[in-house]
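>>> all I have is the shape, not the residue letters:
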């Protein structure tokens, strides 16, 4: 191995002294602290991913989509000659409802699109039947002169299903989930790894309750260099990907972070 330069030797000596706690101040300060350490708790909770966990290339359908506040819906009658008039563009409000104009408000959060479709049709039919014509007769929505027909509800904006990427990536943040992303997709959406990232310390964290969730180690080198999909897990709503920093000594010694 080539000799270290005198400057690097001095830096290394200072780093070792700091890491060892040398100095008169009592507290050790690293020359190049890890911005995003892996952490003892995370290391202690790392587990092997179940063999049936969806990953590349064995992806799976996600669970049925449950509408939540922030999602966008398109609500409209199917028949062009329907007399039903509903505000078509609907964003599910923070209280979980959508506003159907004269037909009132309807709770949409916590339901699937087909369930919302049925609820809208039921509400509209009920309101129409409660109306009376000028002769005092109750309107029949099935009449050809006053058809209600079917109601079509479509999901046009999926705001509520997201995942997160933190740590040593270019643009950490919150990203919308389309349903087919794997770990590699998520990291690339976050702008890729920084030059301080540790390929050896990348985690996929999946919440499972109030305590620690499922913590899975990601072998990024195998994913990108040999196309191994064993740890290229399929992303689920709420997943967190955490990319730790390289250690101080690794950076000072210019150790290969891609090993």
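Right, received. Where do you want to start? The model shown is predicted, which means the values in this text are computed figures rather than measured ones.

>>> so who does residue 206 touch?
Applying CB atoms under 8 Å, 6 or more residues apart in numbering to residue 206 gives the contacts 213, 214, 216, 236, 238, 239, 240. In this view, the C-beta of every residue, glycine as well, is placed from N, C-alpha and C.

>>> wouldn't the fourth one be in contact with residue 62 here?
Yes - under the criterion of CB atoms under 8 Å, residue 236 is in contact with residue 62, at a separation of 7.1 Å.

>>> okay, the two: which has more neighbours?
residue 236 (20 against 16; other CB atoms under 10 Å).

>>> can I assume that one sits in a helix?
No - if the criterion is DSSP: H, G, I helix; E, B strand; the rest coil, then residue 236 is coil and not within a helix.

>>> just give the nearest non-adjacent residue to it, would you?
Using CB to CB, 6 or more residues apart in numbering and skipping the chain neighbours, the partner closest in space to residue 236 is residue 206 (6.2 Å).

>>> identify the bridge partners of the one you found.
Beta-bridge partners for residue 206, by DSSP bridges, are residue 214.

>>> re earlier: what's the lowest-pLDDT member of the contacts of residue 206?
pLDDT is lowest at residue 213 among the contacts of residue 206; the value there is 86.

>>> how far away is it from residue 164?
13 Å (CB to CB, to the nearest Å).

>>> sec struct for the nearest residue to residue 239 once chain neighbours are set aside, please.
In space, and not counting its chain neighbours, residue 239 is closest to residue 163: 4.5 Å by CB to CB, 6+ apart. The three-state label given to residue 163 by three-state DSSP is strand.

>>> so what's the residue count around residue 163?
Per other CB under 10 Å, the neighbour tally for residue 163 reads 22.

>>> how close does it sit to residue 104?
Taking CB to CB, one finds residue 163 at 35 Å from residue 104.

>>> next one: residue 60 from residue 150, what distance?
Going from residue 60 to residue 150 by CB to CB gives 32 Å.

>>> that should have said residue 244, apologies.
Distance, residue 244 to residue 150, using CB to CB: 53 Å.

>>> look at the two and report which has more neighbours.
Taking other CB under 10 Å, residue 244 and residue 150 do not tie; residue 244 has more neighbours (24 against 11).

>>> helix or strand: which one has the nearest residue to the more buried one once chain neighbours are set aside?
Spatial nearest neighbour of residue 244, excluding adjacent residues (CB to CB, 6+ apart): residue 201 at 3.7 Å. For residue 201, the host element (DSSP states H and E) is strand 197-206.
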